[in-house]
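Asks: Any chance you can model this:
(2 chains)
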Number of protein chains: 2
Amino acid sequence: MPAILVTGGAGYVGSHTVVTLLEQEDIDEIVVVDNLCNSYRHDSDKKPVALRRIEEMTGRTLHFYPIDLSDQKALAKVFENHKIECVIHFAALKAVGESVDKPLEYYQANITGTCTLIEVMRKYNVHKLIYSSSCTVYGEPQRLPLDESHPTGQGISSPYGRTKYFCEEIMKDLCNSDQKWQIISLRYFNPVGAHPSGRIGEDPAGIPNNLMPFISQVAVGRLSELMVFGDDYPTVDGSGVRDYIHVQDLAVGHVKAMKLFQKDGFSGFRAVNLGTGTGYSVLQMISAFEAASGRKIPYKIVNRRAGDIAANYADVSLAQSLLGWSATKTVDDMCRDTWNWQSRNPQGYKC
Amino acid sequence: MPAILVTGGAGYVGSHTVVTLLEQEDIDEIVVVDNLCNSYRHDSDKKPVALRRIEEMTGRTLHFYPIDLSDQKALAKVFENHKIECVIHFAALKAVGESVDKPLEYYQANITGTCTLIEVMRKYNVHKLIYSSSCTVYGEPQRLPLDESHPTGQGISSPYGRTKYFCEEIMKDLCNSDQKWQIISLRYFNPVGAHPSGRIGEDPAGIPNNLMPFISQVAVGRLSELMVFGDDYPTVDGSGVRDYIHVQDLAVGHVKAMKLFQKDGFSGFRAVNLGTGTGYSVLQMISAFEAASGRKIPYKIVNRRAGDIAANYADVSLAQSLLGWSATKTVDDMCRDTWNWQSRNPQGYKC
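Replies: Numbers count the residues shown, from 1 in each chain, chains lettered A, B, ... in the order given. Coordinates of the predicted model:
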């Protein structure tokens, strides 16, 4: 039976997608490749904690290779060992702020890594790829909601965002050069939440870059206070507005995208937004989290952060019409599941 | 004494720049790295013919390493062996049409190659870089002449052009992250001509992609007829207009750019056009070449080529003010020197 290769499968969105994949009856074998640069494993174990917990949750066994995508030979070995049918490519560095300080590392990991993966896929005649993209490819919105025909690549404010945009362009050129390729780029808006079991969730290294893990680490007492970057944006309450999407909904989006590969005549590159289509402000998210957790979230308003935009949210009609996908989870679900994960795992996977 | 590393130094613009560098009194040591993917060497020799001829012309010896930029260890060895002060980075794949068919090879060679070079430079504390860029980064011109503040990255019609644009963006991010970097990106318009000695010149593999080598191979009888892509552009005579620049002028531009590194306070990324500022049409170039060579150039008008634009030419005022550089060679010089090279070397370096 053919297998699905998940790169970065020990990470946040990757691990949740692996769970959803294992719940599919028609999927037999999942192979995870991860360099563990952003995930935790016990010294005594070969597999990272997230994957061990997934095995416990699902009663199934995962194949795991602790390799970096830059290691072409090791990657080729994975394709030798398993009959890979499709690749879901999450592996990437993703901290916006860090990418400004270490751009070369980001270009190497995200672009060179993706090119190496594609090269190996081609060598083993695997041409189905789902790519982990981001709404940052749209840069500063010229209109809202952001639909997939909105220009990309203009006014992107971080090297991280440029790596996502560059990879999309590389994949478009690849699809133009060879009709065999089927590539779906899923442009995530703001992934939050966790598996309702509370066994897996987001476990960022260091101070979180994103709002939700920051809030939840304040709630659990790891951080003392939340900083709200700007309260003078032209939004409902002055704080920035984003389209938050539950990571379980995202995970389902990947499975739906895989089904598209089976449709007659699908070939080439296709980008699809994954979001709820509704924006929430930072202050609204704080309130929702306080309600879900029963904890007060102390915060202070500070200056706007360079490169931040006032608002963005997705036009999600293409995901509906093309993939038959739409988000099902509410902001309350997102906050409840995040809090469930964080309160059960105050230090993340390092318990 | 510090050395200058020239990547792609056996290639067309690279080899001419090496000659000009060797003519500078204050430059002692030139180290050339080239993977020879686009240049010729005799089986019995370690060095490519172009570099051997340069050694004969100048009476000087070059250091040469036949390595690919993807070979990080071999590249690091070069930095171990020589005290490199500055890198001039020509090495890249450059055939626009081929890049459409083989995009992955172009992204690997041009982006991964550049990132690896930068990584090794940083490791050896070398932060001065001159990059071989192209006017293709401007995409479809929104105005003419093209000055350096014209937007880049929009409407670029080939993977080749995107590799140049992506590399510039990577270098900008790099300079933003670390003040130690000094990077000058020279945006060439259309390099033509050859060294007046006729000993080195452009020697493309296969059917030439560019006008001038195509014309000269027709003139010398290697090709039977020139194709002119479109005669219905809104230009002086309907054929496409480009800003042709003599490769010797280009070479001098690199030496002038190197001098900028010595100026107090220069740091960061700077892009500079290298062109004449004047556009010539395809039909004008044919006439000029016929006059210079005394040969008739048979041609036929065919359809426009996808992705071609009507006209482009440079605003060259920044090169003048910042580098003290301007083109000195005329179109007649370009045609004469091209013909001198081609007629003396009808089969290029494979004589």
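Asks: roughly how far apart are the closest residue to chain B within the stretch 1-150 of chain A and B:Lys102?
Replies: Relative to chain B, the nearest point of the stretch 1-150 of chain A is A:Pro103 (3.6 Å; CB to the nearest CB). C-beta here means a position set from N, CA and C on the backbone, and glycine is covered the same way. Shown here: A:Pro103 relative to B:Lys102, a distance of 27 Å by CB to CB, to the nearest Å.
Asks: Kindly report the residues of the stretch 151-300 of chain A close to chain B.
Replies: A:153-154, A:159, A:162, A:166, A:169-170, A:173-174, A:176-177 (CB under 8 Å from any CB of the partner chain).
Asks: Number of residues surrounding the residue of the stretch 1-150 of chain A closest to chain B?
Replies: Neighbours of A:Pro103 under the rule other CB atoms under 10 Å in any protein chain shown: 27.
Asks: Verify the contact between it and B:Ser177 for me.
Replies: Yes - here A:Pro103 lies in contact with B:Ser177, judged by CB atoms under 8 Å, at a distance of 5.3 Å.
Asks: Just the CA trace of the helix or strand bottoming out on mean pLDDT in chain A, in CSV.
Replies: Across the helices and strands of chain A, mean confidence by mean pLDDT, DSSP states H and E is lowest for helix A:96-101: a mean of 94. Provided in CSV are the C-alpha atoms of helix A:96-101 (Å, rounded to 0.1, in the frame of the first residue of the first chain):
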residue,chain,number,x,y,z
VAL,A,96,8.9,35.8,11.7
GLY,A,97,11.1,37.8,14.1
GLU,A,98,14.0,35.3,14.0
SER,A,99,13.9,35.3,10.2
VAL,A,100,14.8,39.0,10.3
ASP,A,101,17.9,38.2,12.3
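Asks: Is there proximity between it and chain B?
Replies: Yes - Helix A:96-101 comes into contact with chain B (CB under 8 Å from any CB), by way of A:100-101.
Asks: and the helix or strand just after that helix, what does it pack onto?
Replies: Downstream of helix A:96-101, the next assigned helix or strand under DSSP states H and E is helix A:103-107. Judged by 3 or more CB pairs under 8 Å, 6 or more residues apart in numbering or on different chains; DSSP states H and E, helix A:103-107 is in contact with helix A:159-177, helix B:113-123, helix B:159-177.
Asks: Please save the CA atoms from helix A:103-107 in CSV.
Replies: This file holds the C-alpha atoms of helix A:103-107, laid out as CSV (Å, rounded to 0.1, in the frame of the first residue of the first chain):
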residue,chain,number,x,y,z
PRO,A,103,17.7,35.3,7.0
LEU,A,104,20.3,33.0,5.5
GLU,A,105,19.2,30.2,7.9
TYR,A,106,15.6,30.7,6.8
TYR,A,107,16.4,30.7,3.1
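Asks: residues of that helix that come out buried?
Replies: Buried residues in helix A:103-107, counted by 16 or more other CB atoms under 10 Å in any protein chain shown: A:103-107.
Asks: cool, and stretch A:207-227?
Replies: If you call a residue buried by 16+ other CB under 10 Å, then stretch A:207-227 has these buried ones: A:208, A:210-220, A:222-223, A:226.
Asks: can you give me the strands in the stretch 151-300 of chain A?
Replies: Along the stretch 151-300 of chain A, counting by DSSP state E, counting those that start in this stretch, strands occupy A:182-188, A:190-192, A:226-229, A:241-242, A:244-246, A:268-274, A:280-281, A:299-302.
Asks: Mean pLDDT added to those strands, as CSV?
Replies: As requested, these are exported to CSV (pLDDT from 0 to 100):
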stretch, mean pLDDT
strand A:182-188, 98
strand A:190-192, 98
strand A:226-229, 96
strand A:241-242, 98
strand A:244-246, 98
strand A:268-274, 98
strand A:280-281, 98
strand A:299-302, 97
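Asks: closest to A:Gly97 out of the ones you listed?
Replies: For A:Gly97, the closest of the strands of the stretch 151-300 of chain A is strand A:226-229, at 11.5 Å, according to CB to CB.
Asks: just checking, what packs against the closest one?
Replies: Checking 3+ CB pairs under 8 Å, 6+ apart, strand A:226-229 ends up next to helix A:211-219, helix A:282-293, strand A:299-302.
Asks: who does the longest one touch, helix- and strand-wise?
Replies: Packed against helix A:282-293, as judged by 3+ CB pairs under 8 Å, 6+ apart, are the following elements: helix A:211-219, strand A:226-229, helix A:331-344.
Asks: Only the buried residues of stretch A:343-351, if you could.
Replies: A:345, A:348-349.
Asks: From the residues you listed, pick the one nearest A:Leu260.
Replies: Within those, the smallest distance to A:Leu260 is 32.8 Å, found for A:Tyr349 (CB to CB).
Asks: give me every residue that touches that closest one.
Replies: Contacts of A:Tyr349 were listed using CB atoms under 8 Å, 6 or more residues apart in numbering or on different chains, and they are A:39-40, A:48-50, A:203.
Asks: Ignoring the adjacent residues along the chain, who's closest to A:Ala205?
Replies: Residue nearest to A:Ala205 in three dimensions, not counting chain neighbours: A:Asn38, with 5.9 Å by CB to CB, 6 or more residues apart in numbering or on different chains.
Asks: show me the contacts for A:Ala306.
Replies: By CB under 8 Å, 6+ apart, the contact list for A:Ala306 reads A:Ser157.
Asks: what's in contact with the least confident helix or strand of chain A?
Replies: A:93, A:106, A:136, A:158-161, A:163, A:209, A:307, B:173, B:176-177.
Asks: List just the nearest of the buried residues of stretch A:207-227 to A:Lys296.
Replies: Comparing those against A:Lys296 with CB to CB places A:Ala219 closest, at 8.5 Å.
Asks: from what I can see the closest one touches A:Phe289, true?
Replies: Yes - between A:Ala219 and A:Phe289 there is a contact under CB under 8 Å: 6.7 Å.
Asks: residues bridging contact with these two, i.e. touching both?
Replies: Here A:Ala219 and A:Phe289 have A:297, A:339 as joint contacts, going by CB under 8 Å, 6+ apart.
Asks: Give me the buried positions along stretch A:5-12.
Replies: For stretch A:5-12, using 16+ other CB under 10 Å, the buried residues are A:5-12.
Asks: Give me the pLDDT value at A:Leu22.
Replies: A:Leu22 is assigned a pLDDT of 96 by the prediction.
Asks: any idea how far A:Gly307 is from chain B?
Replies: Note on A:Gly307: its distance to chain B, by CB to the nearest CB, to the nearest Å, is 12 Å.
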